[in-house]
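In: what shape does this take:
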Amino acid sequence: MNVLILGGGSVGGKLAMELEEPFTLIEADPSRVWELRELLKDKETYHRVVHGDGNSIDVIEKAGGNRFDVAVVLMNRDFENLEAVSILRDIGINRIIARVNRSHNMYKFIGLGAEVFRHPIGYEEGLIRTMLFPDVKHAIQIFVREGSPAVGRTIKELALPQGAVIGSILREDELIPPTPKTCIQSGDLIAIDAVGKKAKSVWKVFSKSGKVESTGHILYPLMRERDLVAVKEVELLAKKLGSEINFISHAGKEDLVVSARGYISKRVPFSEIPAGSVTEDELSQSFDEALYVPGLDRTGRMLRTLMLSHLDSASPHLDIFVVPGPRGGIFYMPFISTKLDKLINVSPMPVLVSRSTKKYRSILLYLHANCVEEISIAIQLCRVMGSGVTALYKPRNNKRALYLKRFAQVYSIEVDLKKVVGNPTVELIKEVKESKPDLIVIKANIRDIQTSQLRRLIHLWEGSLLLVP
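Out: Now for the predicted structure:
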């Protein structure tokens, strides 16, 4: 990769010192050019420091023009950076990363196709390296849950391991520029630059149990022979996410756990949770006013109690509850019982209606006012599986669509945004039929989509569907 850096200030200079790729740096201040040449004279990586105006097409052309694979724009003022992005785009540099000083200008940069980050954020060169070389081993993403020990603490108080840097925080409709005084809130979607063992230590900071655990858990109840149909999809998810499978076994059905283990690779960690591990006292608490769900039978209450108990001690990774999908995709068959439908509606964790053994290559999202968790899950799955995202949204949720695109750019995930101009229920089902995504990630109860049609989609759709609480 051949990199062009426009601007040799403190950030550009640090980035140049750390880059292992060939690069050319253009700086307008002659004294800073001399200083950078002195600092970089022992650097073995091929590089050049050029004196000139980063907004001059002649200077950029002489430096290499469209022979650069990516450009990083780090000049001091937004209008300078915006002009540079326009010039770079015109001469044929397709990938541009730009610093934005004022958040209200962010949309102008995104409109020109630039990948952007907000200044100041402290250790910016760490985020730029993450954007230049998106890699699951270096860039991790955390969705902060309610009850996490990080909630209410500032970034400085988190005491992250040295070398682990928070690059961006997506909160509601706003991309928050992290500073030492930034306070972490429940629902924050955080991108962190970390490597190797440091990445594991980062999870500990956000973990409810205070332990470094596997990358999430998949709760997989085995009650009937039919439940085994989800085994291969569960294994695929566990392998890609680095998750542990928790089999929930029922009395008299222990042989199903033995069968499921036979299908799963020995490299995938798993454990067994006997249904009998839920005590009568714990089960009776399901009748508490805050937890009671009318119509939920004893099995449903037991499963929900296990889910709540699991979340009390879980890590901040993605946890999923799995149910097998209906058989046959062309007839309406209420294969998921009414009781299980109620369990899905009151589940405290995402529920995967499983009916696919294929790798997810395409994921469909519906963006609405409160879709932060759906965005987080979709990004996590896309990163580990190399998937692309198609997102439907109404014009009033344009900010959500732009932030999804911005966050996906950090990890080089392809996003196809489609505005919904008519009935969102009709448009969603139409998109499902036309694009045939491998996975739909959607809120279990949203006003825009008719509940009856969403349930019908669960029953009829041939692919998998992840319902987020």
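In: next one: residue 191 from residue 208, what distance?
Out: 21 Å (C-beta to C-beta, to the nearest Å). For glycine as for every other residue, the C-beta is placed from the backbone atoms N, C-alpha and C.
In: these two - which one has more neighbours?
Out: Shown here are residue 191 and residue 208; by other C-beta atoms under 10 Å, residue 191 has more neighbours (23 against 18).
In: report the contact partners of residue 273.
Out: 219, 246-249, 306 (C-beta atoms under 8 Å, 6 or more residues apart in numbering).
In: just the CA coordinates of whichever strand or helix holds it, formatted as CSV?
Out: If you go by DSSP states H and E, residue 273 is part of strand 270-274. C-alpha atoms of strand 270-274 as CSV (Å, rounded to 0.1, in the frame of the first residue of the first chain):
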residue,chain,number,x,y,z
PHE,A,270,-19.1,-25.6,24.9
SER,A,271,-20.7,-26.3,28.3
GLU,A,272,-23.9,-27.8,29.5
ILE,A,273,-26.5,-26.1,31.6
PRO,A,274,-29.1,-28.5,33.1
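In: that strand: how far from the chain's middle?
Out: The chain centre lies 27 Å from the centre of strand 270-274; the measure is C-alpha atoms, centre = their mean, to the nearest Å.
In: what's the answer for stretch 341-354, then?
Out: On C-alpha atoms, centre = their mean, the centre of stretch 341-354 falls 20 Å from that of its chain.
In: now swap in stretch 163-178 and tell me
Out: 13 Å.
In: that one: end-to-end distance?
Out: Start-to-end span of stretch 163-178 (C-alpha to C-alpha, to the nearest Å) is 15 Å.
In: in it, what counts as buried?
Out: 164-171, 175-178 (16 or more other C-beta atoms under 10 Å).
In: now that stretch: average pLDDT?
Out: Stretch 163-178 shows a mean pLDDT of 75.
In: now residue 112: closest residue in space that isn't a chain neighbour?
Out: Leaving aside its sequence neighbours, residue 112 sits nearest to residue 85 (C-beta to C-beta, 6 or more residues apart in numbering; 5.1 Å).
In: now do the strands in the stretch 51-200 of the chain.
Out: Along the stretch 51-200 of the chain, the segments classed as strands by DSSP state E, counting those that start in this stretch run 70-73, 95-100, 115-118, 139-143, 165-171, 174-176, 189-193.
In: which stretch among those comes nearest residue 302?
Out: Across the strands of the stretch 51-200 of the chain, residue 302 has its closest neighbour in strand 139-143 (26.7 Å, C-beta to C-beta).
In: how does the protein divide into domains?
Out: Using automatic domain parsing, the domain parsing of the chain gives 3-132, 139-206, 217-354, 362-468.
In: comparing those domains by mean pLDDT, which bottoms out?
Out: domain 217-354 (a mean of 76).
In: what about that domain, distance to the chain center?
Out: 23 Å.
In: quick check: end-to-end length of it?
Out: End-to-end distance (C-alpha to C-alpha), domain 217-354: 16 Å.
In: tell me which helix or strand residue 308 sits in.
Out: helix 298-313.
In: given the following helix or strand past that helix, what are its sheet partners and their directions?
Out: Counting by DSSP H and E, the element after helix 298-313 in chain order, helix or strand, is strand 320-324. Strand pairing for strand 320-324, determined by DSSP bridges: strand 217-222 (parallel), strand 351-354 (parallel).
In: need these in JSON lines (columns: distance to residue 151 and mean neighbour count).
Out: Shown next, in JSON lines, are those (distance: least, C-beta to C-beta, whole Å; neighbours: other C-beta atoms under 10 Å):
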{"stretch": "strand 217-222", "distance to residue 151": "21", "mean neighbour count": "25"}
{"stretch": "strand 351-354", "distance to residue 151": "24", "mean neighbour count": "24"}
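In: residue 397 - how many residues pack around it?
Out: Residues near residue 397, counting by other C-beta under 10 Å: 21.
In: helices along the stretch 301-450 of the chain, start to end?
Out: With DSSP state H, counting those that start in this stretch, the ranges of helices along the stretch 301-450 of the chain come out as 338-346, 372-385, 398-410, 424-435.
In: adding mean neighbour count, write those helices out as TSV.
Out: Output for these, formatted as TSV (neighbours: other C-beta atoms under 10 Å):
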stretch	mean neighbour count
helix 338-346	16
helix 372-385	22
helix 398-410	20
helix 424-435	16
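In: so which residue is dead centre in this structure?
Out: For the chain, residue 379 is the residue whose C-alpha lies nearest the centre (C-alpha atoms, centre = their mean; 2.9 Å).
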